[in-house]
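J.: here is my input; please provide its structure:
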Amino acid sequence: FGREAYADCARRSALDWNALVTCRLDENHVWKLQQRAWKETPSDHQYVPWAVVDGRHIDQEDEDLMASVCDAIKTRRQYDDTPSPPCPEFS
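T.: Numbering: from 1, shown residues only. Got it, this is the predicted structure:
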């Protein structure tokens, strides 16, 4: 993707693209963010992205993340009005 695609995504998400770029280019700020992330990341998280669905780690090499999310939402919908996710069975 090019810079315009990211800028458009930021705009559609109501984010300030210029502020994001400024933040990204500030090496001191980037270093502080990395240090904060390191401190706040649980020690059992071994890689990124570390996906967790309903408190259970999903290893995306062995499991389908979208299927896990859809299954969890399907289960929750039995008990409440959880909105329909972008799952084929809810289309």
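J.: point out where this protein drops to low pLDDT.
T.: 1, 81-86, 88-91 (pLDDT under 70).
J.: now with 50, please.
T.: Residues of the chain meeting the criterion pLDDT under 50: none.
J.: please enumerate the helices of the chain.
T.: When assigned using DSSP state H, the helices of the chain occupy the ranges 3-12, 17-25, 27-40, 65-77.
J.: the shortest one to helix 3-12, inter-axis angle?
T.: Right, helix 17-25. 120 degrees (axes from the mean of the first three to the mean of the last three CA atoms, to 10 degrees).
J.: over to the third one?
T.: Counting by the same axes, to 10 degrees, helix 27-40 points 60 degrees away from the direction of helix 3-12.
J.: ok, and what's touching helix 27-40?
T.: When contacts are defined by CB atoms under 8 Å, 6 or more residues apart in numbering, helix 27-40 is touched by residues 23-24. Heads up, the C-betas are built off the backbone N, CA and C, glycines and all.
J.: could you dump that helix to PDB, C-alpha only?
T.: Output of helix 27-40 as PDB, limited to C-alpha atoms (Å, rounded to 0.1, in the frame of the first residue of the first chain):
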ATOM      1  CA  GLU A  27      12.600   8.900  17.100                       C
ATOM      2  CA  ASN A  28      12.500   9.800  20.800                       C
ATOM      3  CA  HIS A  29       8.700   9.300  20.900                       C
ATOM      4  CA  VAL A  30       9.000   6.000  19.000                       C
ATOM      5  CA  TRP A  31      11.600   4.800  21.500                       C
ATOM      6  CA  LYS A  32       9.300   5.700  24.400                       C
ATOM      7  CA  LEU A  33       6.400   3.900  22.800                       C
ATOM      8  CA  GLN A  34       8.600   0.800  22.300                       C
ATOM      9  CA  GLN A  35       9.700   0.800  25.900                       C
ATOM     10  CA  ARG A  36       6.100   1.300  27.100                       C
ATOM     11  CA  ALA A  37       4.900  -1.600  24.900                       C
ATOM     12  CA  TRP A  38       7.700  -3.800  26.200                       C
ATOM     13  CA  LYS A  39       6.800  -3.100  29.900                       C
ATOM     14  CA  GLU A  40       3.100  -3.600  29.300                       C
END
